[in-house]
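Participant: Structure for the following, please:
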Amino acid sequence: MATVTGQKMKGPLAGLKVIDLSHVMAGPACSMLLADMGADVIKVEKLPGGDDARRMVPPTISGESAAFLIMNRNKRGIALDLKTEAGRTVLSRLLRDADVLIENYRRGTMERMGFGYDALHALNPRLIYCSITGFGRTGPYADRGGFDLVTQGMSGLMSITGEGPGCPPVKLGAPVTDITAGVLACVGVLAALHSRASTGEGQMVDTSLFEAGIIHTYWQSAICFATGIAPGPMGSAHPLNAPYQAFPVADGWITVGAANQGNWLRLLGALGAPELGNDPRFANNADRMRNLPALQAALAPLFKGRTSAEWLHRLDEAGVPAGPVLDVGQMHADPQALAREMIVETKHLTAGQVASIGLPIKFSETPGSVRRAAPVLGQHTREVLREYGFSDAEVDEMAALGAIQMPDSIKAVKP
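Facilitator: Take a look at the predicted model:
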């Protein structure tokens, strides 16, 4: 596990100023990626209470929400009450020279606070304004709130997830529309920054959880467009290729990707069943898909005869793509995950050493990095306000009025 203790590596987005008004997951996922790639992300949390993810407990680490900690590393945190004039004054000053604003409120919320796109474009024409909502800022659902569960259902994802026809709808275990919306927002921000480099103008970036779910249906939508029939759930099997699924073995499960003809024949060699290559039901991929239940029935007993380790060794020697089905803890300890620095540690102000997921993008010349843990509520309020020209007296006055919050009384853990 990689331990980060304040590296001074500069990522490709070094110098980029990002103001993050988002909460829970989709927006924080976007801003975390930008921060990991070197941007200076200032997370603005609401008062009272801060980001709702702080209350997504259990579990906690020394009283801090594990959910909040994993989504908000690499960010400096301030706490503002935007219902106060002083709080709005602080945000306005932050936004005057910011490069990017990220928010995931319902449509109209930012406008009611005086921070809608038109107002901010007039204040800072170079600002990239990124809005992540449940369903987007246009269309008949634009004013609806959106959650991952709801958008997984409406995007079609829950209709194609599960063991098979007739089973209850199943949500993907991960909040895939939330996370994907954050990734799409990050892509949109980077594209808008590229455009600004030539035009000098910022713009609105608008994406949603609904659209993030829809793009995961590419294969199933292709089938539906071509046949007029909406495909249903297939367990771990693939809608277009076979065999490409999980199989039970003597001590658990493995996944096998032997979809193309070369891998299919190599698989039969590893299984010791070359005669299946002459079975007309399995002659090519189209035949195997038409006869998928028979194919599964023919292969399953063969896999049951050896352990996961034995099969993975044989399949690797044969050149057949395969892998174990790991739980999350096993994934954390996997040597490839560790070699790719996908499991990292940071030192949190009160929680001590905290493990997190690393940056999944590597750069040869400007590496990103995980440099700091998630902030406690208002941890960097004074630091940031000083940078933006507020005197200590002004900061203390705003704190006394409740417009801002600073954790001056927080007892940090000992080194």
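
Participant: can we go C-alpha only for contacts and neighbour counts from here?
Facilitator: OK.

Participant: Average pLDDT for stretch 47-55, rounded please.
Facilitator: Across stretch 47-55, the average pLDDT comes to 96.

Participant: and that stretch, how far apart are its ends?
Facilitator: Using C-alpha to C-alpha, to the nearest Å, one end of stretch 47-55 lies 14 Å from the other.

Participant: tell me which residues in that stretch are buried?
Facilitator: 47, 50-51, 53-55 (16 or more other C-alpha atoms under 10 Å).

Participant: How about stretch 170-182?
Facilitator: Those buried within stretch 170-182 under the rule 16+ other C-alpha under 10 Å are 170-172, 175-182.

Participant: what stretches of the stretch 251-400 of the chain score poorly on pLDDT?
Facilitator: Regions of the stretch 251-400 of the chain meeting the criterion pLDDT under 70 are absent.

Participant: Would you map the helices across the stretch 51-200 of the chain?
Facilitator: 66-71, 85-96, 109-112, 117-123, 148-154, 176-199 (DSSP state H, counting those that start in this stretch).

Participant: does Met342 really touch Ala355, like I thought?
Facilitator: No: Met342 lies out of contact with Ala355 (C-alpha atoms under 8 Å); the separation is 10.2 Å.

Participant: any idea how far Glu211 lies from Val183?
Facilitator: Distance from Glu211 to Val183, by C-alpha to C-alpha: 12 Å.

Participant: list the contacts for the residue nearest in space to the middle of the chain?
Facilitator: Central residue check for the chain by C-alpha atoms, centre = their mean: the C-alpha nearest the mean position is that of Ile179, 3.1 Å away. With contact taken as C-alpha atoms under 8 Å, 6 or more residues apart in numbering, Ile179 is in contact with 25-26, 29.

Participant: Ala79 now?
Facilitator: Ala79 neighbours (C-alpha under 8 Å, 6+ apart): 44-47, 50, 377-378, 381, 404-406.

Participant: List buried residues within these.
Facilitator: 44-47, 50, 377-378, 381, 404-406.

Participant: Helices - which of those residues land there?
Facilitator: When the buried ones among the contacts of Ala79 are checked against helices (DSSP state H), the matches are Thr381.

Participant: got CSV for the buried ones among the contacts of Ala79, with distance to Thr109 too?
Facilitator: Converted to CSV, the buried ones among the contacts of Ala79 look like this (distance: C-alpha to C-alpha, whole Å):
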residue, distance to Thr109
Val44, 15
Glu45, 15
Lys46, 13
Leu47, 16
Gly50, 17
Leu377, 22
Gly378, 22
Thr381, 23
Ile404, 20
Gln405, 22
Met406, 25
